[in-house]
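*Asks:* Provided below for reference: sequence and predicted model.
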Amino acid sequence: MHKDPVCGMEVSEEKAGHLVHLDHETFYFCSEKCKESFEEKAGLKTAKKGFFKRFLDRLADENHKTYGNTKPKCH
Ligand SMILES: [Zn+2]
């Protein structure tokens, strides 16, 4: 049995469909909701989102510099 770190519920390994691997450790959750709340607290989601957003912003910025207000063309 593993303890859901979010709500404290006991989760059995074979039943747990919600798990997160982090730093060689596996965390088990009773529900998708608990898993998501854990990921949020651990900064997993925000980190990814933040990174991806910055990446997209940079791409948009570069496209804007290259193409100005004309429509970008692919090849
Ligand atoms: Zn839970």
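*Replies:* Good, I have the coordinates. Numbering: from 1, shown residues only.
*Asks:* And what about Phe55, helix, strand or coil?
*Replies:* Using DSSP: H, G, I helix; E, B strand; the rest coil, the secondary structure recorded for Phe55 is helix.
*Asks:* Any stretches of the protein with poor pLDDT?
*Replies:* Filtered on pLDDT under 70, the chain yields the residue ranges 16, 45-52, 72-73.
*Asks:* just the strands in the protein please.
*Replies:* Ranges of strands in the chain, per DSSP state E, are 2-3, 10-11, 18-22, 25-29.
*Asks:* Which among these is found nearest to Arg54?
*Replies:* strand 18-22 (22.5 Å; CB to CB). For the C-beta atoms, the positions are set from N, CA and C on the backbone; glycine is no exception.
*Asks:* Give me the residues contacting the closest one.
*Replies:* Under the criterion CB atoms under 8 Å, 6 or more residues apart in numbering, residues 26-32, 34-35, 38-39, 42, 44 lie in contact with strand 18-22.
*Asks:* which neighbours does that strand have in its sheet, and in what orientation?
*Replies:* Within its sheet, strand 18-22 is paired with strand 25-29 (antiparallel), according to DSSP bridges.
*Asks:* In the partner strand, which of the residues would be classed as buried?
*Replies:* By 16 or more other CB atoms under 10 Å, the buried positions in strand 25-29 come out as Phe27, Tyr28, Phe29.
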